[in-house]
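from the sequence below, what's the structure:
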Amino acid sequence: MEDTENIQILQRYYHTAVVYLLLTATMAAILFGLRIFQVYLPFSLSIATVHLGTLGALTMGIMGLYLRLFYGLEVVEVKPWTVRTIHILPNVGIGILTIGFLLNTWPVLAVGFLGTAYALIWWAVEYFRWLLQADSADRKGALLFGAFGVIGLVVAVLIGGYLFHGYLSGNTVQNMRLTHIHAGFVGWASLGLLGIGIALRGGENPVTKSIGILQGSAWVWFAGFLLLAGFMVTWNLSLLMIAGSIIILGLFGYGYSMPKVGELGSDSSEAGTAAGSKRLLPYIIIGFLGLFVAILLGFDISINYPSGRAGSHRIIGVGGWLVMTFLMALLSEIPRTSLALLQSKGETVTAVQQYLYPGIFRIGWIVLTAGLLIALTGYFTSPTIMFAGLLLLTGMVAILAISVLMKYPVTTGRAS
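You can find the predicted model right below:
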C-alpha cells in the first residue's frame, strides 16, 4: 500500500464521494417519498440532485479509485499538490453549480460550470500524463478502460456546457441531452467502473496488466460508445441497435476474460484483508445483471422510441448497475485504505474481517435488491409502488453512506 500521505489523499477523495452520495441519496429519497403523495418539487431540484450524484459521488469516487492505481506504479510520478488542488476545485464548482440550478440563473451556473470543467479537464490531462509514464504492460487493462472513460468524461463536460442555453430557455435539445447523459454513464462511469473491477481482482496489489481479449473488449466497448454518441447526436435512433450490439460484445469479452485476469493478481495481504472484497460479491452479481438487462432494454427503446421502456432502463441501469457496482468499489476500498492508515501508524485492528465487512454491508445489498425489485414491479403496476421501491433503495444508500463515514473517518487513526 502507499505511504501515509498518499493514503490520506485517497481517503479525502473516497470520503468526499461518500458525502456526495449521502446528499444525493437523501435528496432523492425526499423527492421519491413526496411523489408517493403526488407532491412535486421544482424540476431544478431534481437536476441539482442528479449532478450531485454524477459530478460529486461518481466522479470524485472514480477519480480516487484510479489515483490508487497510479500510486501503486513506482514509475509514475503523482504530485501531491496537483491531486489536492484537483480535489478542491470540483467541490467549489459543484457547490456553485448546484446553487445555479436551484436559482436557475446563468451567471451562477456559468461560474460553477467553468470551475468544475476546468478541474475535470485538468484531471483528464493528468490522467494521460500518468498513463504515458506507466510501463507499456500496465496500460492495457484497468488503465486502458479508465483512459477511454476519461474521454467520455470530457465529452460529457463539453456537451454539458453546450446544454446551458437550452436548459435556461426551457428548450433543451433532446438529442444532445441524451448524448450528454450517455457520455457520462456509458462512457465515463461504466468504462471507469469496468476498469476498477479489473483492478480489484488483485486486492492489495491492484491488477493493471491485461490479456488480449480484455484489451480487445475495452476497444470494442469504446467503439460502441462512440457510435452510440454519434447516432444520438445525428438522431439516428434506429441505428442505436448497432452501437448496443457492439457494447454487449465488449461486455461478453470482459466477462469471459475476468477469470483469467484473476490469475494476474497476486494478493500478498493477510487472508482476512482480502475477505472484504470477496464478500461483496452479491453487489457485483446484481450490478452486472443490471448492466446486461439495461443494455437489452436499450434495444427496445431504439426500436420503439419514445414509447420504449425508458423508465425501467433508467431504474435498472442506475439502481442496478451503477449504484451496486460503485458501492462495491467504495465498500471494498474505503475499509482497506482505512486499515492501511491504521497500520502505518502502528495501530492494530482486532477482528479484521468484521472491520473490512461489517454486517451493515450485507444488509445493504439485501435491502437495495428488494428496493430495486419493488421499483421495477411498480413500474409495470403502480407509480406509488415504484416510488416506494425507489425510496427504499435511496434510503438504504444513505444509511450505508452514514455508516461508512462513522466507521472509517478521515481524521482519526482509531478503529471503530
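
can you show me the helices along the stretch 251-400 of the chain?
Remark: helices assigned in the stretch 251-400 of the chain by DSSP state H, counting those that start in this stretch are 271-278, 281-304, 310-314, 323-344, 352-356, 359-381, 383-407.

weakest of those in terms of mean pLDDT?
Lowest mean pLDDT within those: helix 271-278, at a mean of 48.

which regions of this structure sit below the pLDDT cut-off?
Within the chain, the stretches with pLDDT under 70 are 1-2, 168-170, 265-278, 411-416.

ok, Leu291 touching Trp321?
Yes - when contacts are counted by CB atoms under 8 Å, Leu291 is listed as touching Trp321 (4.0 Å). Using the backbone N, CA and C atoms, a C-beta is placed for each residue, glycine as well.

list residues touching both of these two?
Ser190 (CB atoms under 8 Å, 6 or more residues apart in numbering).

rewinding a little: quick one, which of the helices of the stretch 251-400 of the chain is nearest to Tyr256?
The closest of these to Tyr256 is helix 281-304. By CB to CB, the value is 12.7 Å.

please compute how far the closest one lies from its chain's middle.
16 Å (CA atoms, centre = their mean, to the nearest Å).

which strands or helices does it pack on?
Here helix 281-304 touches helix 240-262, helix 310-314, helix 323-344, helix 359-381, going by 3 or more CB pairs under 8 Å, 6 or more residues apart in numbering; DSSP states H and E.

what's in contact with that helix?
Residues outside helix 281-304 that contact it (CB under 8 Å, 6+ apart) are 190, 197, 237-241, 244, 247-248, 251, 255, 308-310, 312-313, 316-317, 319-325, 327-328, 331, 365, 368-369, 372.

type out the PyMOL command that picks the buried ones from those.
Buried subset of these, written as a PyMOL selection, criterion 16 or more other CB atoms under 10 Å:
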select buried, resi 190+197+237+239+240+241+244+247+248+251+308+309+312+313+316+317+319+320+321+322+323+324+325+327+328+331+365+368+369+372
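
circling back: buried deepest among the helices of the stretch 251-400 of the chain, which one?
Counting by mean count of other CB atoms under 10 Å, helix 323-344 has the highest mean neighbour count of the helices of the stretch 251-400 of the chain, with a mean of 23.

show me what that one is packed against.
Packed next to helix 323-344, using 3+ CB pairs under 8 Å, 6+ apart, are helix 4-36, helix 59-71, helix 191-199, helix 271-278, helix 281-304, helix 352-356, helix 359-381, helix 383-407.

count the neighbours of Leu194 for me.
Counted with other CB atoms under 10 Å, residues neighbouring Leu194 total 25.

hmm, it is touching Leu143, no?
No - Leu194 is not in contact with Leu143 according to CB under 8 Å; the separation is 11.9 Å.

export the helices of the stretch 251-400 of the chain to TSV and tack on distance to Leu158?
What follows is these, written out as TSV (distance: least, CB to CB, whole Å):
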stretch	distance to Leu158
helix 271-278	35
helix 281-304	23
helix 310-314	23
helix 323-344	24
helix 352-356	40
helix 359-381	32
helix 383-407	29
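
those helices: which one's closest to Ala25?
Across the helices of the stretch 251-400 of the chain, Ala25 has its closest neighbour in helix 383-407 (4.0 Å, CB to CB).

contacts for the closest one, please.
With contacts defined as CB under 8 Å, 6+ apart, helix 383-407 is touched by 15, 18-19, 21-22, 24-26, 28-29, 32-33, 35-36, 315, 319, 323, 327, 330-331, 334-335, 358, 360-361, 364, 367-368, 370-379, 416.

name the helix or strand for Ala147, please.
According to DSSP states H and E, Ala147 maps onto helix 142-162.

again, but for Gly230
helix 212-233.

give me the angle between that helix and helix 191-199.
If you take axes from the mean of the first three to the mean of the last three CA atoms, to 10 degrees, helix 212-233 sits at 170 degrees to helix 191-199.

got the angle between helix 212-233 and helix 240-262?
Using the same axes, to 10 degrees: helix 212-233 against helix 240-262 is 160 degrees.

helix 212-233: how far from the chain's middle?
Centroid separation between helix 212-233 and its chain, computed with CA atoms, centre = their mean, is 18 Å.

contact partners of it?
140-141, 144-145, 148, 151-152, 155, 175-176, 178-179, 182-183, 186-187, 190-191, 194, 198, 237, 239-240, 242-247, 249-254, 256-258, 260-261.

would you mark the buried spots in it?
214-218, 220-229, 231-232.
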